[in-house]
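Chemist: Let's see this in three dimensions:
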Amino acid sequence: MKKFVLVFAAVILAACVVFVGCSKKDSPVAEEDGRPTVRLITDATGIDDKSFNAAAWRGILAYYGDTWENQANRGTLYDVVTCQTQDMYIPTLKQASDEGYDLIVTTGFTFADALNEVAQLYPEQKYMIVDVDYVNQPNVMQFMFSEEQGSYLVGVAAARQAIEEGVSDPKFGFIGGVPGAVITKFEMGYIQGIKSVFPDATIVDYYANDWGKPELAKTQAKNWYDSGVYAIFSAAGGTGGGTIAQAKEYRMQGKNVWAIGVDSDQYADGIYDGEKSAVLTSMLKRVETSTQYALKSIETDSFKSGVVLLDMTADGVGYSTANPELKPAVIEAVDAAKADIIAGKIKVLGTYKDTKAAGLAPEGLGALDN
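Modeler: Next comes the predicted model:
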């Protein structure tokens, strides 16, 4: 009988290694380390989107002292899973919850309904979500950013750059991913920044209804650049890579057009010759701050549900000055606008309704406030 018990125990131990249902935080490496464990769950664009998800992943890597090139603690202290379709959100969240990670991170408002459902089934599990303030469960930490503030800055940058380059009557474009309140904040801030310099500027928009189709953004960008659009700001996840690709092609041909990056600094993605990049600037949304914040709260046993706002005052949003072609006068103007936003002298509106009412946004845009 004793021999049978030993064999049975060995089988159970082997099963725990093979089957994902067993808790990863109970692994010897995680137990000895003492730091919290985390699972990041992303949409289909994954951590290689060079934008939103990549920023969340960078925050996790930084917390553990790892880098993109050396992810030494992956698979023990942290990991990531990509959901190829939205119908995988709930089963993936359930599986991660069963595995026993200290924290489960979801990125983006498309996860809100799934997380709201699953969080109630696992009241002891701690979760965080970015870009949502309405999953009011006692075990969910929610992070919101003032995207309209950072987007105002890149709007000012694009408009001021046009002046410095002697472009008369410049047109501007905005490409969004899936329409909703968060992406509307990007668009409205961008428009207000442009209008602060060119009150009568022509601004066009397009929504791809997808986070992972760069070919759609590339086609639209080509059409707009061909029609005289000077700069295009994309807040569309991986889809926005198409805007950068088209801007690179045209700048290599000597055409004076610009792409504006989002979330992460996308200057390097636009490089086409030496230090020359088709990405004039990027609206920096420091999602990495949120993942580090949540992990630190787990570490210090100070995790609290509710909404954490990362605005410009908290350095949650900003803009990139990586491109050497961004004129000094432009940087000076943008920094002045940033100081005025922080001081409360400039109030940036975040909804289409309010921006239209103020006479700062035209009718007929694709933006949605909910």
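Chemist: Helices of the stretch 101-250 of the chain, residue ranges please.
Modeler: Secondary structure of the stretch 101-250 of the chain (DSSP state H, counting those that start in this stretch): helices located at 112-121, 147-164, 181-195, 214-226, 241-252.
Chemist: right, and the helix or strand after the last one?
Modeler: Remark: after helix 241-252, the chain's next helix or strand is strand 258-263, criterion DSSP states H and E.
Chemist: Given that following strand, what are its sheet partners and their directions?
Modeler: Paired neighbours of strand 258-263 in the sheet (DSSP bridges): strand 229-235 (parallel), strand 279-285 (parallel).
Chemist: tell me, how many neighbours does the nearest residue to Trp224 once chain neighbours are set aside end up with?
Modeler: Among residues not flanking Trp224 along the chain, Gly173 sits closest, at 4.7 Å (C-beta to C-beta, 6 or more residues apart in numbering). In this view, the C-beta of every residue, glycine as well, is placed from N, C-alpha and C. Using other C-beta atoms under 10 Å as the criterion, Gly173 is surrounded by 26 other residues.
Chemist: Could you tell me how many residues sit around the closest residue to Val156 other than its chain neighbours?
Modeler: Spatial nearest neighbour of Val156, chain neighbours left out: Gly193 (4.3 Å); criterion: C-beta to C-beta, 6+ apart. For Gly193, the count of nearby residues is 30 (other C-beta under 10 Å).
Chemist: Repeat that for Ser168.
Modeler: Ser168 has 6 neighbours, counted by other C-beta under 10 Å.
Chemist: do you know how far it is from Tyr319?
Modeler: Here the criterion is C-beta to C-beta, to the nearest Å. By it, Ser168 lies 25 Å from Tyr319.
Chemist: do Leu103 as well
Modeler: 30 Å.
Chemist: Asn139 touches Gln125, doesn't it?
Modeler: Yes: in this structure, Asn139 is within contact of Gln125 by C-beta atoms under 8 Å, at 6.2 Å.
Chemist: Identify the contacts common to these two.
Modeler: By C-beta atoms under 8 Å, 6 or more residues apart in numbering, Asn139 and Gln125 have these common neighbours: Ala119.
Chemist: Same drill for those two, tell me which one is more crowded.
Modeler: Legend: neighbour count by other C-beta under 10 Å for Asn139 and Gln125, higher for Gln125 (20 against 17).
Chemist: Spatially, and excluding backbone neighbours, which residue is closest to the more buried one.
Modeler: Ser97 (4.8 Å).
Chemist: Show me the strands in the stretch 1-150 of the chain, by range?
Modeler: In the stretch 1-150 of the chain, the strands defined using DSSP state E, counting those that start in this stretch lie at 38-42, 78-82, 103-107, 126-130, 140-145.
Chemist: Mind checking those strands for the one nearest to Ala357?
Modeler: Minimum separation from Ala357 across the strands of the stretch 1-150 of the chain (C-beta to C-beta) falls at strand 140-145, 22.4 Å.
Chemist: now the angle from the closest one to helix 181-195?
Modeler: Relative orientation of strand 140-145 versus helix 181-195 (axes from the mean of the first three to the mean of the last three C-alpha atoms, to 10 degrees): 20 degrees.
Chemist: Which strands or helices does strand 140-145 pack on?
Modeler: When contacts are defined as 3 or more C-beta pairs under 8 Å, 6 or more residues apart in numbering; DSSP states H and E, strand 140-145 sits against strand 126-130, helix 287-299, strand 306-310.
Chemist: let's see it at 6 Å
Modeler: Counting contacts by 3 or more C-beta pairs under 6 Å, 6 or more residues apart in numbering; DSSP states H and E, strand 140-145 packs against strand 126-130, strand 306-310.
Chemist: per-residue pLDDT, Phe4?
Modeler: Looking at Phe4, its pLDDT reads 34.
Chemist: Then Phe52?
Modeler: What the model reports for Phe52 is a pLDDT of 88.
Chemist: again, but for Gly350
Modeler: 97.
Chemist: Then Val29?
Modeler: 39.
Chemist: Gly46: neighbour count?
Modeler: The local packing of Gly46 (other C-beta under 10 Å) involves 19 other residues.
Chemist: That one touches Thr82, doesn't it?
Modeler: Yes: at 4.2 Å, Gly46 and Thr82 qualify as touching, with contact defined as C-beta atoms under 6 Å.
Chemist: For the residue nearest to the spatial centre of the chain, which residues are in contact?
Modeler: In the chain, the C-alpha nearest the mean C-alpha coordinate belongs to Phe52, at 2.5 Å (C-alpha atoms, centre = their mean). Contact partners of Phe52, counting by C-beta atoms under 6 Å, 6 or more residues apart in numbering, are Gly237, Asp263.
Chemist: make it 8 Å
Modeler: The contact partners of Phe52, by C-beta under 8 Å, 6+ apart, come to Thr45, Thr107, Gly108, Val130, Gly237, Val262, Asp263, Ser264, Lys285, Val287.
Chemist: between the residues you listed, which is closest to Val156?
Modeler: Ranked by distance to Val156 (C-beta to C-beta), those are led by Val262 at 15.7 Å.
Chemist: Can you tell me the closest non-neighbouring residue to Tyr250?
Modeler: Nearest non-adjacent residue to Tyr250 (C-beta to C-beta, 6+ apart): Val257, at 5.0 Å.
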